[in-house]
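Visitor: Please work out how this folds:
(one chain, ligands or ions: 1)
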Amino acid sequence: MEMGRRPIGELSAAEIRELVREKYSEVVLHPATKYRFRVGHQYALDLGYQQNETKGLPKVLMESFTGVSSYLARFQEFQPGETVLELGSGGGLDTALLARKVGCSGKVIGLDLSLAMLQRAAPGSKQAGISQVYFNQALAEELPVASGSVDWVVSNGIFNLSSEKERILEEIHRVLRPGGRVLCSEIVLQRQPTIEERLNEDDWFK
Ligand SMILES: C[S@@+](CC[C@H](N)C(=O)[O-])C[C@H]1O[C@@H](n2cnc3c(N)ncnc32)[C@H](O)[C@@H]1O
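Guide: This is a model prediction of the structure:
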């Protein structure tokens, strides 16, 4: 174990969230650094994002992309006028694409625990000419959103980062209107990690 880094099992949920906040805030400032996960526009294209879908979007919306899959195959299901709540909106790429889908009569609320991410995504969206997006610093485990108020909850790679997945699911259930829908992309473990694979704080980010 590295000096000063603690085993994951010793960390509280709040301490893990702080690790996550620090890590993704670092990504915004240094997107070209090598992390344990991929970052950026080329990564998005490799996952299946289409050049024609991202065309015209400012670089700033793509350079901090850290999602785990492309929503594009399901994008036709979002309808103009719908309200979408995006958990862990990060650098704002999906936020912008979703905003284009729901149009001016709809809206996308992007929430993230990293202020640095929001400070990148908000001006990026403005630069892209997208006005129907609202960004807010918040936890997916404590949504500052009225019950039964959104048509969709989406996320691209946040469940694996939280040690309180049930709380997030309960919040999603609370804020969705009756008949509302959920679209979450996630990575899953195919086996339990060994002790050696989860020795220190960095092992939370695989
Ligand atoms: C893997 S990144 C994905 C970002 C974005 N969805 C994308 O596709 O580029 C996860 C994002 O969720 C945020 N995040 C992680 N856990 C969170 C939580 N519990 N509540 C709110 N945001 C969270 C991180 O700060 C980070 O920006």
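
Visitor: and the chain, which residues reach the ligand?
Guide: 17, 20, 24, 65-67, 88-91, 93-94, 111-114, 117, 139-141, 156-158, 161-162 (CB under 6 Å from any ligand atom). No exception for glycine: its C-beta is placed from N, CA and C like everyone else's.

Visitor: Quick check: helices, which of those residues are part of them?
Guide: The helices, defined by DSSP state H, take in 17, 20, 24, 93-94, 117 from those.

Visitor: tell me, what residue is most central in the protein?
Guide: In the chain, the centroid-proximal residue (CA atoms, centre = their mean) is residue 88; its distance is 3.0 Å.

Visitor: What's the local residue count around the closest residue to that one other than its chain neighbours?
Guide: Nearest non-adjacent residue to residue 88, counting by CB to CB, 6 or more residues apart in numbering: residue 158, 3.5 Å away. Other residues within reach of residue 158 by the criterion other CB atoms under 10 Å amount to 24.

Visitor: Go ahead and confirm residue 158 touches residue 86.
Guide: No: if you go by CB atoms under 8 Å, residue 158 and residue 86 don't touch, sitting 9.7 Å apart.

Visitor: contacting residues for residue 142?
Guide: Contacts for residue 142 (CB atoms under 8 Å, 6 or more residues apart in numbering) come out as 167, 171.

Visitor: Specify the beta-bridge partners of it.
Guide: residue 139 (DSSP bridges).

Visitor: Could you do the one 10 residues further on as well?
Guide: Going by DSSP bridges, residue 152 is paired in beta bridges with residue 84, residue 181.

Visitor: Look up how far residue 176 lies from it.
Guide: From residue 152 across to residue 176, the span is 8 Å (CB to CB, to the nearest Å).

Visitor: Now do the shared contacts for the two.
Guide: What both residue 152 and residue 176 touch, as defined by CB under 8 Å, 6+ apart, is the set residue 182.

Visitor: can you pull out the strands in this structure?
Guide: Per DSSP state E, the chain carries strands over the ranges 83-87, 107-112, 133-137, 150-156, 176-185.

Visitor: number of nearby residues for residue 194?
Guide: Residues lying near residue 194 (other CB under 10 Å) number 8.

Visitor: I'd like the strands of the chain laid out as a markdown table, including mean neighbour count, mean pLDDT and distance to residue 99.
Guide: Formatted as a markdown table, the strands of the chain follow (neighbours: other CB atoms under 10 Å; pLDDT from 0 to 100; distance: least, CB to CB, whole Å):
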| stretch | mean neighbour count | mean pLDDT | distance to residue 99 |
| --- | --- | --- | --- |
| strand 83-87 | 25 | 98 | 8 |
| strand 107-112 | 25 | 98 | 5 |
| strand 133-137 | 18 | 98 | 5 |
| strand 150-156 | 23 | 98 | 12 |
| strand 176-185 | 15 | 97 | 15 |
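
Visitor: This completes my enquiry, with thanks.
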